[in-house]
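>>> Below is the sequence, then the predicted model.
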Amino acid sequence: MPDLPQPESNAAHQALSASTTARSWWRAPALWALVGALGILLVAIYGANKFFGQDAASNAPTDVTRNASPGIDGVIATEVPADQLESADCLQGFTSPLDTSTVVTCQTAHNAQLIGSFSLDGDTFPGSAKILDTSEKLCKSIALDPSSPLDAGWSYHFSRPSESSWKSGDRVVDCFLALNEGSVRISMLPAPTPAQNT
């Protein structure tokens with residue numbers, strides 16, 4: 001009878017199996033090392049971009065565009081930061097002197113008005129109590145229109161420098177007159193006289 005091929009020995013399979021296992025062992029850590037290195041690289045790029053990629057100009061607030069000819073809704077500007085409000089602005093949805101506001105014509109329903117601003121003097125911070133007292137006196141000294149509907153439903157609000165903002169040069173007190181409830185359709189300030197317009 002002819003000689004039949006003999007089955008391969010298990011030794012060859014074991015050698016092949018050992019090299020496959022060795023190769024699989026090498027692939028898995030290398031793959032994870034590559035993924036880890038890419039993750040670290042992405043985090044480093046993101047961090048560098050956050051740290052070095054943005055300059056102060058890109059973080060500066062942009063000026064809000066005011067509508068010189070508001071439509072029937074009376075909206076002049078929305079989302080106006082407190083530092084861009086102008087004296088005599090009538091404000092719709094006012095909640096706080098530091099929040100953004102919607103500026104409307106004074107003939108449009110509104111619940112507050114920026115009635116004036118003052119700049120304080122001095123290099124040394126006078127203290128929170130003194131600033132509060134001075135701010136209240138200044139705001140209450142502003143002449144209001146006697147024909148406007150002033151009653152107990154109004155309250156004064158004001159923004160004023162804090163100790164930390166004083167150190168950076170802030171000296172401005174902004175005075176607001178706000179309704180506790182409801183709205184009006186009139187300015188609380190007297191109409192400018194021709195002499196004031198020049």
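The structure has been received and is ready for your questions.

>>> Where in this structure is the helix or strand with the lowest mean pLDDT?
Evaluated with mean pLDDT, DSSP states H and E, the helix-and-strand set of the chain has its lowest mean pLDDT in helix 56-59, which scores a mean of 52.

>>> Quick one: the strands in this protein, in order.
Here the chain has its strands, by DSSP state E, at 75-80, 90-92, 101-104, 112-119, 154-159, 172-179.

>>> Please dump those strands into a markdown table; it should also carry distance to residue 131 for every row.
For the C-beta atoms, the positions are set from N, CA and C on the backbone; glycine is no exception. Output for the strands of the chain, formatted as a markdown table (distance: least, CB to CB, whole Å):
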| stretch | distance to residue 131 |
| --- | --- |
| strand 75-80 | 24 |
| strand 90-92 | 23 |
| strand 101-104 | 23 |
| strand 112-119 | 11 |
| strand 154-159 | 10 |
| strand 172-179 | 8 |
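
>>> mean pLDDT lowest for which of those strands?
Lowest mean pLDDT of the strands of the chain: strand 154-159, a mean of 91.

>>> ok, residues contacting that strand?
Counting contacts by CB atoms under 8 Å, 6 or more residues apart in numbering, the residues outside strand 154-159 that touch it are 82, 96-98, 112, 135-136, 139-140, 172-180, 188.

>>> Could you do stretch 65-81 as well?
When contacts are taken as CB under 8 Å, 6+ apart, the neighbours of stretch 65-81 outside the stretch itself are 61, 64, 89, 92, 100, 101, 102, 103, 104, 105, 107, 108.
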